[in-house]
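Visitor: Starting from these lines, generate the structure:
(chains A and B)
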2 protein chains.
Amino acid sequence: MEKMSETEINERLASMEGWGYEENAIHTSLEFDDFKDAFTVMTRIAFEAEKMNHHPDWSNVYNKLEITLSTHDAGGVTEKDFKLAKIIDDLVS
Amino acid sequence: MEKMSETEINERLASMEGWGYEENAIHTSLEFDDFKDAFTVMTRIAFEAEKMNHHPDWSNVYNKLEITLSTHDAGGVTEKDFKLAKIIDDLVS
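Guide: As a prediction, the model looks like this:
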């Protein structure tokens, strides 16, 4: 997996809603009705992440979920991150 | 639920392993073998937190889990936080 350039990343992000690029990673913030809804989505993401063997850096406070994706081995954002971001977007849309 | 004093909190923490007090909350860091183990524990904590209607602020990166407990309504640490901390300790021990 090759690290993408900032230009490539921004091109990809242009067609995605709610994601930004910062500090060598892509990020999104999600909000749900309550904790149960947030954790339900986390669980679905967890299964997909485990299947891909590519895991999010994420934090949760009640109904809020912050997700950061990067590929540690590549030292930046790769196609894998966009693949997981797409899966997350599909789960929450 | 009444906010506990710093003295009370530190007295309670003295008998607990791996927890610290900082910025009006109690914290712990846990490490597991892998993501699946970390998320399994998160799921068990999530059910207990939901049952108590008292939720952690937490973040996870692969096998690492950082947990922060405080009672927002009380503006600090209460008995509820120690109750949830005890449940977490019992789950991981």
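Visitor: what does chain A put close to chain B?
Guide: Within chain A, the positions lying close to chain B (C-beta under 8 Å from any C-beta of the partner chain) are A:35-36, A:39, A:42-43, A:46, A:49-50, A:55, A:57-62. Quick note: C-beta positions are derived from backbone N, CA and C, even for glycine.
Visitor: Apply 6 Å and report the result again.
Guide: A:35-36, A:39, A:46, A:50, A:55, A:57-62 (C-beta under 6 Å from any C-beta of the partner chain).
Visitor: which of these count as buried?
Guide: The neighbour-count test (16 or more other C-beta atoms under 10 Å in any protein chain shown) marks A:35, A:39, A:46, A:55, A:57-62 as buried among the residues of chain A next to chain B.
Visitor: Need these in JSON lines (columns: secondary structure, pLDDT and distance to residue A:76).
Guide: Shown next, in JSON lines, are these (DSSP: H, G, I helix; E, B strand; the rest coil; pLDDT from 0 to 100; distance: C-beta to C-beta, whole Å):
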{"residue": "A:35", "secondary structure": "helix", "pLDDT": "98", "distance to residue A:76": "32"}
{"residue": "A:39", "secondary structure": "helix", "pLDDT": "98", "distance to residue A:76": "29"}
{"residue": "A:46", "secondary structure": "helix", "pLDDT": "98", "distance to residue A:76": "23"}
{"residue": "A:55", "secondary structure": "coil", "pLDDT": "98", "distance to residue A:76": "16"}
{"residue": "A:57", "secondary structure": "strand", "pLDDT": "98", "distance to residue A:76": "14"}
{"residue": "A:58", "secondary structure": "strand", "pLDDT": "98", "distance to residue A:76": "18"}
{"residue": "A:59", "secondary structure": "strand", "pLDDT": "98", "distance to residue A:76": "21"}
{"residue": "A:60", "secondary structure": "strand", "pLDDT": "98", "distance to residue A:76": "25"}
{"residue": "A:61", "secondary structure": "strand", "pLDDT": "98", "distance to residue A:76": "27"}
{"residue": "A:62", "secondary structure": "coil", "pLDDT": "98", "distance to residue A:76": "31"}
